[in-house]
Every structure is written in structure tokens, then in C-alpha cells.
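> Have a look at this prediction, sequence included:
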Amino acid sequence: MYADITIVGFLGADPEMIITEDGGSVTNIRVAVNVPGKERDGVINPQWYGVVTFGKQADAVNEYLNKGSKVMVSGHFRPEEYDASDDDAKYEELKTSLKIVAQTVVFLDSADDSSEGGKTKKKEKAKKEKKSKN
């Protein structure tokens, strides 16, 4: 049984990609979702979601998205355990967080968008290479 979820939000940082031992791609992103009623003193406090993508989808997310990109993510939750103990703890404590395993990631910014989120990494890389040649 899965708990399906669909969110729309903005990347809080650039995607982080790793290549597995068997050559597969895995990309992690953090997505901020503004939720009505989460304002404090006029400041919106978004809910943050960790999202993991695999394969060709991971390649595309890593290549075309960056901090500020607007996305729609559909997937299911996967629990992940992590060590919550610190140096002063008398015992180790494991806690669980939920991460979204993306089934689809829709890029909501256009490639020609002048906002920071709409710029593709490919365009930025090409500009840097052009400057370095001059």
C-alpha cells in the first residue's frame, strides 16, 4: 500500500546527483511548498519535502533544474531511518523521516523564463564556456 502525493513548489537548492556503482543515476531535490495558514508575522513558512528521482528522470532533473525552479512532483512516500543521536546523548536514537519517491516530475518554468528558476544549467554552462574562450 502506498501513500500517493502530488506537490507543487520551488527547489530550495540545486539538485544533488550521484551515480550508483552499477552506473544508475539518482538525484535528490528539496521542494518548498507554500501552505495557506502557515504565515507568521506576514512571513510564509513553507513545508519542505525531500524528493528522490532515478534513471533518465534523475538525469533530466539534474540537467535542467536549479534553485528556484518551479516543479510539480507526483510519487509515493518512502520512510527513511536516520541517526538522531548527538555527541552528548547517552544512547543512540533512530528516527524516521518521509521522502517522496518521484514517479513524475513536471518542469513548470519555461526554458525562456527570465527568472532564476527558468534558466537551464545547460544555458548557464554554455555562457561560462563562451566567456572563458574570450
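All right, it came through fine.
> residue boundaries of the helices in this protein?
Under the criterion DSSP state H, the chain carries helices at the ranges 55-64, 121-133.
> Lowest average confidence across the ones you listed, which one?
Per-stretch mean pLDDT for the helices of the chain is lowest at helix 121-133 (a mean of 52).
> which residues does Thr6 contact?
By CB atoms under 8 Å, 6 or more residues apart in numbering, the contact set of Thr6 is 72-74. Placement of C-beta: from N, CA and C, glycine included.
> separation between it and Phe107?
Thr6 is 15 Å from Phe107, where distance means CB to CB, to the nearest Å.
> cool, Met17 as well?
To Phe107, Met17 is 16 Å away according to CB to CB.
> Surely Met17 and Thr27 touch.
Yes - between Met17 and Thr27 there is a contact at 4.5 Å, judged by CB atoms under 8 Å.
> Which residues are in contact with each of the two?
Common contacts of Met17 and Thr27 (CB under 8 Å, 6+ apart): 58-59, 62.
> coming back round to it: can you add pLDDT, neighbour count and distance to Tyr49 and give the contacts of Thr6 back as CSV?
Formatted as CSV, those follow (pLDDT from 0 to 100; neighbours: other CB atoms under 10 Å; distance: CB to CB, whole Å):
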residue, pLDDT, neighbour count, distance to Tyr49
Met72, 98, 14, 12
Val73, 98, 23, 8
Ser74, 98, 14, 12
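> Before we move on, what's the pLDDT of the most centrally placed residue in the chain?
The geometric centre of the chain, computed from its C-alpha atoms, lies nearest to Ile29 (CA atoms, centre = their mean), at 1.7 Å. You'll see Ile29 listed with a pLDDT of 98.
> Can you tell me who it pairs with across the strands?
Residues in a beta bridge with Ile29, per DSSP bridges, are Val51.
> give the contact list for it.
Applying CB under 8 Å, 6+ apart to Ile29 gives the contacts 11, 13, 15-16, 50-51, 53, 61, 65, 71.
> ok, now with 10 Å
Neighbouring residues of Ile29 by CB atoms under 10 Å, 6 or more residues apart in numbering: 9, 11-17, 49-53, 58, 61-62, 65-67, 69, 71, 73, 100, 102, 105.
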